[in-house]
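Trainee: Model the following, please.
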Amino acid sequence: MALYKLHDYYPNYRETFGDGKLATVENYSVYTQGEDKVGDAKNLLVDDSGRFRYVVVDTGPWIFGKNVLLPVGLAKFDYNRDRIFVDGLTRQQIENLPAYKDDQAVDQRYEDQVRDQYRSLGKRRNQQKFMDRPHSSETQSRKYDSTSYDREPTLYGMSEEDNHGTLKLYEERLVTNRNRVKTGEVAIGKHVETETAEASVPLEKERVVVERHSTNGKPVGSHSPQFKEGEVARMDVYEDEATIEKEAYAREEVSVRKETERDVAKAKETVRREELDVNTDGKVRVER
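Mentor: Got it, this is the predicted structure:
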């Protein structure tokens, strides 16, 4: 009977099994008695009828990174803590198990080597059923028959305890978040513009006024003036001259700051919620 990896047999296994414990087996750690960690679950192997058969366990540093197969019937799932417990599993048994490689085909002889290491655990789990099994030559002749899965429920059967797990009810909620998105930017600089400016300044300039007045021929008296040739009367004449210069002044100051405006974004979506349906047949008393 051929074995397949879970994602190969069920390509959409997460949707097929939802959030069940077997759909997220890669999140589980494997422990034996005494809270002793054995390794981490990596995958599940199913047979050609789709039934779960083995958990692929990476033993990590416990057995130097060796990958081994764990029959699902011996795995007790604690899906509240993401753990798988295997009572009675010893380091010696792990070391004696054949190593499993991802690319190898699991044949009947390989599986029998695996079963031989786990049969003692199967006896401990369901000793009475195992002791009642026939040990005839016919049984021994079927030792390497892959269909013997059904005759070893202690190794491959999911127990009644495992089947009666907690049912989880889910609901969808709107989860809000804020993402800061750049919507633009403001760059402030300056440039030079030119224009023609006009300025005026009042100017003064002096001019000479020569006035001549008649004396009506009055004598100058007994004093006789001395007549001199070339006598000159001097007077300085001034006027204002306009000078224009350019001088820089601070016209204004510009400051830049940001202000936060607050708003509320609202959205409406349809959300789903699971409700519990309890169907009874016959006289059954159900406490809720």
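Trainee: ranges for the strands of the stretch 51-200 of the chain?
Mentor: 52-58, 67-71, 76-78, 83-85 (DSSP state E, counting those that start in this stretch).
Trainee: can you pull the buried residues of the third one?
Mentor: What it means is strand 76-78. By neighbour count on 16 or more other CB atoms under 10 Å, the buried set for strand 76-78 is residue 77. In this view, the C-beta of every residue, glycine as well, is placed from N, C-alpha and C.
Trainee: Show the average pLDDT along it.
Mentor: Strand 76-78 comes out with an average pLDDT of 86.
Trainee: Report all helices and strands that that strand contacts.
Mentor: Under the contact criterion of 3 or more CB pairs under 8 Å, 6 or more residues apart in numbering; DSSP states H and E, strand 76-78 touches strand 83-85, helix 160-163.
Trainee: can you tell me which of those the model trusts least?
Mentor: When these are ranked by mean pLDDT, helix 160-163 comes last with a mean of 45.
Trainee: First-to-last residue distance for stretch 274-282?
Mentor: End-to-end distance of stretch 274-282 (CA to CA, to the nearest Å): 25 Å.
Trainee: and that stretch, how far from the chain's centre?
Mentor: Counting by CA atoms, centre = their mean, to the nearest Å, stretch 274-282 is centred 39 Å from the centre of its parent chain.
Trainee: circling back to that earlier point, list just the one of the strands of the stretch 51-200 of the chain that sits closest to residue 153.
Mentor: strand 67-71 (10.3 Å; CB to CB).
Trainee: Can you show me the helices along the stretch 1-150 of the chain?
Mentor: 6-9, 13-17, 91-96, 108-125, 127-131, 137-141 (DSSP state H, counting those that start in this stretch).
Trainee: weakest of these in terms of mean pLDDT?
Mentor: helix 137-141 - the lowest mean pLDDT of the helices of the stretch 1-150 of the chain, at a mean of 38.
Trainee: where's residue 32 relative to residue 254, distance?
Mentor: Using CB to CB, to the nearest Å, we find residue 32 at a distance of 74 Å from residue 254.
Trainee: Compare the two (neighbour count), which wins?
Mentor: residue 32 (20 against 6; other CB atoms under 10 Å).
Trainee: Which residues are in contact with the spatially closest residue to the more buried one that is not a sequence neighbour?
Mentor: Nearest residue to residue 32, sequence neighbours excluded (CB to CB, 6 or more residues apart in numbering): residue 89, at 4.2 Å. If a contact means CB atoms under 8 Å, 6 or more residues apart in numbering, then residue 89 has 32, 33, 38, 74, 121 as its contacts.
Trainee: again, but for residue 67
Mentor: Going by CB under 8 Å, 6+ apart, residue 67 touches 42, 56, 57, 58, 59, 99, 100, 101, 102.
Trainee: tally of neighbours for the second one?
Mentor: By the measure other CB under 10 Å, the count of residues near residue 56 is 21.
Trainee: ok, so what distance separates it from residue 39?
Mentor: Using CB to CB, we find residue 56 at a distance of 10 Å from residue 39.
Trainee: Need the single longest strand in the protein, by residues.
Mentor: Determined from DSSP state E, the single longest strand within the chain is strand 36-47.
Trainee: C-alpha coordinates for that one, PDB please?
Mentor: Output of strand 36-47 as PDB, limited to C-alpha atoms (Å, rounded to 0.1, in the frame of the first residue of the first chain):
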ATOM      1  CA  ASP A  36      11.000  14.900  27.600                       C
ATOM      2  CA  LYS A  37      10.900  16.500  24.100                       C
ATOM      3  CA  VAL A  38      11.700  14.000  21.300                       C
ATOM      4  CA  GLY A  39      11.500  16.300  18.300                       C
ATOM      5  CA  ASP A  40       9.200  18.200  16.100                       C
ATOM      6  CA  ALA A  41       6.500  17.000  13.700                       C
ATOM      7  CA  LYS A  42       7.200  17.800  10.100                       C
ATOM      8  CA  ASN A  43       4.500  16.100   8.000                       C
ATOM      9  CA  LEU A  44       1.900  13.400   7.800                       C
ATOM     10  CA  LEU A  45       1.800  10.300   5.600                       C
ATOM     11  CA  VAL A  46      -1.500   8.900   4.300                       C
ATOM     12  CA  ASP A  47      -2.200   5.700   2.500                       C
END
